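>>> Quick one, fold the following:
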Amino acid sequence: MNGRRGFTIGATDGDVGRVDAFYFDETSFTVRHLVVDASGWLTGRRVLISPRALRAIDWDGKRITAELTKSQVEQGPDIDTDQPVSRQQEINFHRYYGYPAYWEGPYLWGLCPYPVMTPGGEAPEWERRWEWSAKERGDPHSGVPAR
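Okay, the predicted model is just below:
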């Protein structure tokens with residue numbers, strides 16, 4: 001994933017910033033959030049972008065397109081990206097963006113195996129289910145920043 005650092009994140013109405021780091025789930029080692037340096041237009045601020053928002057990657061142009069507006073990102077929950085993200089922060093984040101909770105369901109992304117839902121909204125029968133019983137249900141750190 002370190003190869004994606006520095007990629008530009010483009011919203012539907014302009015650039016948000018550049019990928020600075022990633023938050024990984026400690027149990028499944030799945031990237032849960034991209035930490036984006038948005039200081040170009042949000043002074044000194046870094047924001048989280050969920051892989052659920054990502055739609056396309058231009059490898060040559062080092063650009064990732066997200067299905068978000070800059071206003072959505074700007075008005076999103078303020079999260080200290082230098083600390084682990086708590087479950088309560090994730091709940092607020094998911095509510096704000098309207099994302100289902102990944103920790104409620106049989107797959108790595110909750111009710112679906114991937115961060116982007118399939119056209120029918122259902123996971124294929126053959127997709128391996130994630131064993132969440134190994135994960136504590138309290139308020140664990142949901143991610144560890146990787147730089």
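>>> Could you list the paired strands of the longest strand seen in the chain along with their orientation?
In the chain, taking DSSP state E as the definition, the longest strand is strand 14-24. Strand 14-24 sits in its sheet next to strand 8-11 (antiparallel), strand 31-37 (antiparallel), strand 144-146 (antiparallel), going by DSSP bridges.
>>> and among those, the most buried is which?
With neighbours taken as mean count of other C-beta atoms under 10 Å, the strands paired with strand 14-24 reach their highest mean count in strand 31-37, at a mean of 23. Placement of C-beta: from N, CA and C, glycine included.
>>> How are the helices of the protein distributed by residue range?
Per DSSP state H, the chain carries helices over the ranges 70-75, 87-97.
>>> I'd like the distance between residue 38 and residue 21.
As for residue 38, its distance to residue 21 is 13 Å (criterion: C-beta to C-beta, to the nearest Å).
>>> right, I mislabeled it, should have said residue 42
16 Å.
>>> Among the two, which residue is more densely surrounded?
The residue with more neighbours, out of residue 42 and residue 21, is residue 21; 19 against 16, by other C-beta atoms under 10 Å.
>>> bridging residues for residue 35?
Going by DSSP bridges, residue 35 forms beta bridges with residue 21, residue 48.
>>> Next up, the contacts around it.
Applying C-beta atoms under 8 Å, 6 or more residues apart in numbering to residue 35 gives the contacts 19, 20, 21, 22, 23, 46, 47, 48, 81, 145.
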